[in-house]
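Student: Here is my input, please return the structure:
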Amino acid sequence: MIKHIERPVYLIVFITITFCILCLSCTATPSDITPTVKGMKFIGINQQGYKEYNHIQTGMAFVLIPGGIFQMGNTNGDGDERPVHEVKIDSFLIGKYEVTQGVWKTIMKNNPSGFNKGNEYPVEMVSWEDSIIFCRKTGLKLPTEAEWEYACRAGTTTLFYWGDDEDEKFLWYKKNSMETTQPVGKKKPNGFGLYDMIGNVWEWCYDWYGEDYYQYLTNYFDMPVKNPIGPLTGSYHVVRGGGWFNEIKNCRSTDRDNPGPDGYCNGNGFRCSINLD
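Tutor: This next block holds a predicted model:
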């Protein structure tokens, strides 16, 4: 009689455990899920609580930025930063650091940098086209301008990702750079765990620059605009973030610039991103 009783008990336990596992999997939030990304290896959670990956080919670290909606632009900023408009961004990965001279040399077999000072310094004197070639060789891409600002702000609405006041602990700029670039990752990161999003070198974005592009979006599209990629055509591409030679006013999270047709400058570099599969 005992054997006949044990069988249904085991069956009930098995069904109960299976049901609990299914419930847990169904109620998992996006932040609980670690997506598999081609060419990337998951390496853990950073101090800010976000997932980090290693790009196998280059060895560069990337942070998984969760998607969301934010207010892009600055009502009190320059003319090309207005009007403020609502943007929706899908989750993506972006480089934890600016691309360094060491990584550039490994992939491109040269070093164009004006400040040829070491592997941990950001590569500069690279045009938008140069950065695109690097991305094609590595299966990566440049972030869009909207992705860049979303990643830079890290949920903040202040002038800088640390607040509204000047703070040298977070950036290399005219006041403290000693008129040169500095090794990446030496200042405090933003809320996503990204370093040097402001200062050190300006960073190329994928988009063409359009002075009145924000106005165009608000005139012709419903808000929020999802994953905007900039104007269809243009003469120059966008750089963001400010550089070692800039005053603090040019290092705001919303500040935009376009460095000309080729963009060769010892203040222009880039960081890479990649979409989720």
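Student: Can you report how many residues neighbour E168?
Tutor: Neighbours of E168 under the rule other Cβ atoms under 10 Å: 14. For every residue, glycine as well, the C-beta is placed using N, CA and C.
Student: Doesn't it belong to a helix?
Tutor: No. E168 is assigned coil when assessed by DSSP: H, G, I helix; E, B strand; the rest coil, not a helix.
Student: Can you give me the distance of it to G102?
Tutor: Relative to G102, E168 is positioned 26 Å away (Cβ to Cβ, to the nearest Å).
Student: And for N116?
Tutor: 12 Å.
Student: Compare these two (neighbour count), which wins?
Tutor: A direct count of neighbours by other Cβ under 10 Å for N116 and G102 places G102 higher, at 15 against 12.
Student: Model confidence for that one, exactly?
Tutor: Predicted confidence (pLDDT) at G102: the value is 98.
Student: K174: how many residues sit nearby?
Tutor: With other Cβ under 10 Å as criterion, K174 counts 16.
Student: Next: the one 4 residues further on.
Tutor: Residues contacting M178 under the criterion other Cβ under 10 Å number 8.
Student: tell me which element it falls in.
Tutor: Using DSSP states H and E, M178 sits within no helix or strand.
Student: in which helix or strand would I find the closest residue to V184 other than its chain neighbours?
Tutor: Of all residues not flanking V184 in the chain, Y97 sits nearest, at 4.2 Å (Cβ to Cβ, 6 or more residues apart in numbering). Counting by DSSP H and E, no helix or strand carries Y97.
Student: I'd say Y97 and Q182 touch.
Tutor: No. The criterion here is Cβ atoms under 8 Å, and Y97 misses it with Q182 at 11.9 Å.
Student: And the helices in the stretch 51-200 of the chain?
Tutor: 101-108, 128-138, 145-153 (DSSP state H, counting those that start in this stretch).
Student: Mind putting these into TSV with distance to K226?
Tutor: As requested, those are exported to TSV (distance: least, Cβ to Cβ, whole Å):
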stretch	distance to K226
helix 101-108	31
helix 128-138	23
helix 145-153	9
